[in-house]
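> prediction below, plus the sequence it came from.
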Amino acid sequence: MPVVTLYFDRILKMLEGKVGREELINKLPHLALDLEEIQEDHIKVEYNPNRPDFSTDYGLARALKGIFDLELGAPKYDIQDGNVKVMVEDSVKSIRPYIVGLIAKDLRLDEESIRQLISMQEDLHHGLGRDRRVISIGLHNLDVIKPPFIYKAVEPSFSFIPLNENRCMSLRDILINTEVGLKYGKIIKDFEKYPLLVDSNNNVLSFPPIINGELTRVDINTKNLFLDITALELKAALRALSIIASVLIDMGAKVERIEVDYRDKKILTPDMKSLLMKIDFRLINKLLGLKLDKDEIFRCLRRCRLNVVKKGNAFYAEVPPYRVDIIHPVDIVEEVVIGLDLERIKPTLPEGANVGKRDERSSLLDDFRMALISQNFVEVMNFSLLSKKLLYEMVNREFSDGIKVEDPKSSEHEYLRDTLIPCLLQVLSNNTHAEYPQRIFEIGKVFLRNSNEEPVREEYRIVVAIAYSEANYSEAKSSLSSLLYNTFGLDFETKPSFHPTFSYGRCASIRVDNEDIGVIGEIDPLVLENFGLKVPVSLYEFSYDKLEKKFKARR
């Protein structure tokens with residue numbers, strides 16, 4: 001999850017000196033922010049990737065001003081038409097077809113504001129940009145280049161001085177011999193030509209999505225900025241541009257539109273038009289279990305920096321362009337909750353005389369949970385949405401017909417998991433600094449393709465991992481035997497099998513009543529290397545759903 005560093009002297013000044021340090025700290029969780037670290041001069045907060053407008057302290061200050069009643073309603077963004085053009089040649093159509101941008105003038109930059117801009121740039125690359133594959137952003141000193149700019153494709157032999165280098169390098173050389181080239185070169189390396197953004201004197205601004213030119217480096221002396229976003233998807237580029245434009249205006253810059261000439265059409269960017277979403281008062285009160293009147297709901301929305309407008313007999317929430325997370329009426333309900341202040345919502349008993357009881361499946365899963373805890377395992381919980389890289393590439397699985405979320409907000413949360421194994425390996429990877437042995441487990445859902453009537457089927461699975469210098473197959477099987485046979489009296493057998501995540505010859509299927517229910521073995525060394533693990537890992541995973549009927553019959 002992305003993290004933003006807030007320095008108290010900066011953020012409290014942005015809040016006009018009307019908010020104290022402790023008051024700020026106590027209010028941040030109300031915006032669904034997790035407090036990662038609190039120091040004397042700063043605080044680190046983790047934000048959800050669906051709120052890319054929180055990628056800078058400027059964006060957070062904008063939201064906090066509403067919550068603290070310093071500014072209500074949507075901010076007004078005055079953007080003028082400029083005289084800068086970008087000419088797009090047909091040669092980039094099959095490579096990286098779109099480019100948008102803006103001009104920001106009269107900037108007053110310091111080291112921290114530059115750090116905030118770069119941090120936002122990288123968070124947008126990672127989230128909306130899918131690690132620069134969908135969008136990539138370039139920041140340039142406008143005063144050292146001459147418009148109009150040309151976006152075109154050139155031969156790999158074309159050379160220029162890339163950022164942080166002191167010599168000319170060819171585009172091919174950059175992909176092979178620089179850190180960013182090795183990391184992101186796979187995005188374009190298979191094309192015969194590479195995209196390039198140059199000015200009217202053929203000076204290089206950027207080699208997207210890899211690196212900028214050294215000529216246009218941005219520093220504290222930069223007064224005027226040209227920003228470009230190249231993309232595979234125009235919609236994603238315009239969303240990111242709206243977020244950046246709002247930050248630059250909050251920084252005090254005068255933002256101007258640019259004209260992008262696509263030969264067959266011309267567009268002006270950024271487009272800061274708001275979105276209107278109808279306010280469903282009945283839905284809001286139904287979901288919240290409250291009886292808020294219209295005025296209360298309107299105030300809540302304004303505190304979340306949304307405007308309210310009336311058209312005919314209906315009321316609409318006016319959503320500013322940087323709020324790319326608001327896409328459904330339920331999102332408006334969430335804004336009302338945040339604006340109302342969670343502390344004002346009091347728990348109440350449900351209406352009716354019915355008495356609830358614990359779900360039987362939850363009780364059985366708890367029995368397995370307690371059995372593993374008694375074996376000195378520690379439970380972990382992970383997200384159900386994973387990246388394609390984690391779910392397939394890092395565990396040596398060939399990509400199959402995975403269940404992908406439509407229009408995901410982050411490359412880290414694109415696919416519904418169909419196995420829990422990558423999640424546990426990721427936990428181990430994130431805790432290599434902790435003491436060994438590490439013994440962890442997870443009980444959670446996976447999502448599998450099903451019939452046309454019900455295209456996605458949910459299934460509970462249990463996965464257990466042991467990591468230390470002597471972890472092996474025998475120890476994993478001993479744990480499995482203790483769990484299934486000794487604790488619950490379930491007979492099982494293991495049969496040698498192959499699984500791409502496990503070492504050849506050190507893997508077996510788990511069978512109960514002649515039915516495969518899971519896999520057990522030692523993780524392949526190449527997979528361990530992918531996760532940066534230096535010790536062996538033995539692991540088993542099985543389907544609780546397949547086991548449930550057999551288990552109930554023996555209770």
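All right, it came through fine.

> next, Gly518: secondary structure please.
Classification of Gly518 by DSSP: H, G, I helix; E, B strand; the rest coil places it in strand.

> quick one: it and Ser543 touch, right?
Yes. Here Gly518 lies in contact with Ser543, judged by C-beta atoms under 8 Å, at a distance of 6.0 Å. C-beta coordinates here come from the backbone N, C-alpha and C atoms, glycine included.

> shared neighbours of the two, which are they?
Arg461 (C-beta atoms under 8 Å, 6 or more residues apart in numbering).

> more crowded one of the two?
Gly518 (22 against 19; other C-beta atoms under 10 Å).

> which ones are touching that one?
Contacts of Gly518 by C-beta under 8 Å, 6+ apart are 461, 509-510, 540-543.

> then Ser274?
Residues in contact with Ser274, defined by C-beta under 8 Å, 6+ apart, are 74, 307, 318-321.

> confidence score at it?
Each residue has a pLDDT score; the one for Ser274 is 92.

> can you check His30 too?
So His30 comes in at 89 (pLDDT).

> again, but for Tyr485
Note for Tyr485: predicted pLDDT of 82.

> wait, it touches Asp491, no?
Yes. Tyr485 lies in contact with Asp491 (C-beta under 8 Å); the separation is 6.6 Å.

> count of residues packed around Asp57?
By other C-beta under 10 Å, the residues close to Asp57 number 25.

> that one touches Gln116, doesn't it?
Yes. The pair Asp57 / Gln116 is scored as a contact, 6.0 Å apart, by C-beta under 8 Å.

> who's in contact with Glu256?
By C-beta under 8 Å, 6+ apart, Glu256 lies in contact with 79-82, 84, 102-105.

> which one of those residues is nearest to Lys286?
Distance to Lys286, by C-beta to C-beta, is smallest for Ile79 among the contacts of Glu256, at 38.8 Å.

> Gly521 versus the closest one, what's the distance?
Separation of Ile79 from Gly521 (C-beta to C-beta, to the nearest Å) stands at 59 Å.

> then Lys27?
Separation of Lys27 from Gly521 (C-beta to C-beta): 49 Å.

> just want to know which of those two has more residues nearby.
Taking other C-beta under 10 Å, Lys27 and Gly521 do not tie; Gly521 has more neighbours (28 against 15).

> for the residue nearest to His413 when sequence neighbours are not counted, grab the count of nearby residues.
Of all residues not flanking His413 in the chain, Leu385 sits nearest, at 3.7 Å (C-beta to C-beta, 6 or more residues apart in numbering). Neighbourhood size, Leu385 [other C-beta under 10 Å]: 19.

> could you do the one 4 residues further on as well?
Other residues within reach of Lys389, judged by other C-beta under 10 Å, total 16.

> need phi/psi at Ser119.
phi -60, psi -40 (degrees, to the nearest 10).

> helices of the stretch 351-500 of the chain, residue ranges please.
Secondary structure of the stretch 351-500 of the chain (DSSP state H, counting those that start in this stretch): helices at 360-374, 388-391, 421-430, 473-481.

> most tightly surrounded among the ones you listed?
Among these, judged by mean count of other C-beta atoms under 10 Å, the one packed with the most neighbours on average is helix 421-430 (a mean of 21).

> residues in contact with that helix: which ones?
Applying C-beta under 8 Å, 6+ apart, the external contacts of helix 421-430 come out as 380, 382-383, 386, 390-391, 394-395, 417, 438, 440-442, 444, 463, 465, 467, 501, 523, 527, 531-533, 537, 539, 541.

> mind doing that once more with 6 Å?
380, 382, 390-391, 395, 463, 465, 467, 501, 531-533, 541 (C-beta atoms under 6 Å, 6 or more residues apart in numbering).

> distance from the chain centre to that helix, please.
Remark: helix 421-430 is offset 18 Å from the chain centroid, using C-alpha atoms, centre = their mean, to the nearest Å.

> just the ones of the contacts of Ser274 in strands?
With strands defined by DSSP state E, the entries of the contacts of Ser274 inside them are 307, 318-319.

> so which elements touch the helix or strand Lys310 falls within?
Taking DSSP states H and E as the definition, one finds Lys310 inside strand 307-311. If you count contacts as 3 or more C-beta pairs under 6 Å, 6 or more residues apart in numbering; DSSP states H and E, strand 307-311 packs onto strand 314-319.

> any idea how far the strand it packs on is from the chain center?
Distance of strand 314-319 from its chain centroid, counting by C-alpha atoms, centre = their mean, is 28 Å.

> downstream of that strand, the next helix or strand is which one?
Past strand 314-319, further along toward the C-terminus, the next helix or strand under DSSP H and E is helix 329-340.

> can you give me the strands in the stretch 151-300 of the chain?
Applying DSSP state E, counting those that start in this stretch to the stretch 151-300 of the chain gives strands spanning 159-160, 169-170, 194-198, 204-207, 211-212, 225-231, 254-261, 266-269, 275-278.

> residue boundaries of the strands in the stretch 451-555 of the chain?
With DSSP E, counting those that start in this stretch as the criterion, the stretch 451-555 of the chain has strands spanning 456-467, 493-496, 502-512, 515-523, 537-543.

> any regions of the chain where pLDDT drops low?
Low-confidence segments of the chain (pLDDT under 70): 451-453, 551-555.

> quickly list the domain ranges of it.
If you go by automatic domain parsing, the domain ranges for the chain are 3-67, 80-269, 275-342, 360-554.

> dump the ones you listed to TSV, plus distance to Glu351.
Listed next are the domains of the chain as TSV, based on distance: least, C-beta to C-beta, whole Å:
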stretch	distance to Glu351
domain 3-67	28
domain 80-269	41
domain 275-342	10
domain 360-554	24
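
> out of those, nearest to Thr348?
Among the domains of the chain, domain 275-342 comes nearest to Thr348, with 7.1 Å by C-beta to C-beta.

> straight-line length of that closest one, end to end?
The straight-line separation of the ends of domain 275-342 (C-alpha to C-alpha, to the nearest Å) is 26 Å.

> circling back to that earlier point, pick the most deeply packed of the domains of the chain.
Ranked by mean neighbour count under mean count of other C-beta under 10 Å, the domains of the chain are led by domain 80-269, which reaches a mean of 19.

> can you get me the start-to-end distance on that one?
End-to-end distance of domain 80-269: 10 Å, with C-alpha to C-alpha as the criterion.

> chain center to that domain, what's the gap?
On C-alpha atoms, centre = their mean, the centre of domain 80-269 falls 22 Å from the chain's centre.
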